[in-house]
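Participant: Turn this into a structure:
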Amino acid sequence: MIARWAHRAAAAALIVGLGGAAHAADKVRVGGTGIGLATAQALADALQTADPGISVEVLRSLGTPGGLRALAQGAVEVAIAARPLLPEERAQGLREASCLKTALIFVTSHPSAAGVERKRLPAIYDGSVGNWPDGAPLRPILRLRAGMEMPYLAQAIPGMERAIEAAFARRGMPVGTTDQQNIALAQEIPGSFAVATLLQVLSERPGVRVLALDGVAPTAASVADGSYPLPVRVCFAVPASPTAGAQRFVAFANSQDGRAILRGFEAAPDPVP
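Facilitator: Sure thing, here's the model as predicted:
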C-alpha cells in the first residue's frame, strides 16, 4: 500500500514538474517599437483569456533596434519592428512572423484642426508657417533622427529633407524621444503638430486629433487602396527557433480573433514574405 502511494506521489510530482516546465516555456516577453506596444498588450490580453496556460509580458519601449537586439540575444521571445529587418539581422536567424499595415499620420492638440496638405508640410517644419488657419500658434514636434519617422518623411515628401534639417537647427524645438513621449508632448503642447501612427493612436486613445492628409482620412481601407499615401509596415519578429509561447502568440496574431483586434485599430494584416 505504501509502495503504491509512493508510486502515485512520484507520478504526481512528475506531472507537476512537467506542467511547470511547460508553463515556463510558454512565458513570452514582447518588446520593441512603442508604436505596437498597446496592440501587443491587446493581443496578449485576449490570448491569455482564451488560453490561461500562456503568460505574456509586454515590455516598455525598446525601439525597433533595441527590440531586435533583445530578440537576437534571447532577452525577448517576440520583437516588434517598424522597419524591414537588416541583412545582418536576418543572418542571425531573425524573421518576420506576423505583419500589419497602418498609416503614418499627423496629430494635434488644436481643438478644431481637421487636416493638412502635403505641400504645406515643409513650410510647417522649417518655420515658414507658424500658425493654424485660425491664427493659433502651430508648434511642430520632431522625432529622433535615428527613428523611422523623420527619414520616412524626408524621402516621401519633396522638400522635407531640407525642412527637417532646418527644424533641428531651430532652438527650443521639442523632440519626442520615444513614441509614448511624442504623444505626451502632442497632448501637452497647445497647437502641437506631431507625426505618429494610426496604430498607436487608436490603440492608446490619447487626447489628440488625427488630421486628414490632402483631404483623405487615414484608415485601413485608404491605406490598402493607396488613397492615403503614407503606409507603415509593423511586424512581430521571432528568432530562427522560436519558443512554443512565441509561436502561440504569433499564431494568435494571425488568427481570425487576432485580426479582429487589428481591424479595431484600423490596421490591416500584411502578408509575410
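Participant: contacts, neighbours, all on C-alpha from now
Facilitator: OK.
Participant: quick one: low-confidence ranges for the protein?
Facilitator: 1-25 (pLDDT under 70).
Participant: tell me the domain ranges of it?
Facilitator: 2-101+233-270, 102-224 (automatic domain parsing).
Participant: Show me the strands in the stretch 151-273 of the chain, by range?
Facilitator: Using DSSP state E, counting those that start in this stretch, the strands found in the stretch 151-273 of the chain span residues 175-176, 192-197, 209-210, 212-213, 231-238, 268-270.
Participant: longest single strand anywhere in this protein?
Facilitator: Determined from DSSP state E, the single longest strand within the chain is strand 95-108.
Participant: now the strands of the stretch 151-273 of the chain as a markdown table including mean neighbour count?
Facilitator: Below are these laid out as a markdown table (neighbours: other Cα atoms under 10 Å):
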| stretch | mean neighbour count |
| --- | --- |
| strand 175-176 | 18 |
| strand 192-197 | 23 |
| strand 209-210 | 22 |
| strand 212-213 | 19 |
| strand 231-238 | 23 |
| strand 268-270 | 20 |
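Participant: who wins for proximity to residue 155 among the ones you listed?
Facilitator: Residue 155 sits nearest to strand 231-238 of all the strands of the stretch 151-273 of the chain, at 13.0 Å, using Cα to Cα.
Participant: next one: the closest one to chain centre, how far?
Facilitator: 8 Å (Cα atoms, centre = their mean, to the nearest Å).
Participant: Sheet-wise, list the partners of the longest strand of the chain with their directions.
Facilitator: Applying DSSP bridges to the sheet, strand 95-108 is found paired with strand 192-197 (antiparallel), strand 209-210 (antiparallel), strand 231-238 (antiparallel), strand 268-270 (antiparallel).
Participant: sorry, back to before: now render the strands of the stretch 151-273 of the chain as a markdown table, adding distance to residue 79.
Facilitator: Shown next, in a markdown table, are the strands of the stretch 151-273 of the chain (distance: least, Cα to Cα, whole Å):
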| stretch | distance to residue 79 |
| --- | --- |
| strand 175-176 | 21 |
| strand 192-197 | 18 |
| strand 209-210 | 27 |
| strand 212-213 | 30 |
| strand 231-238 | 5 |
| strand 268-270 | 17 |
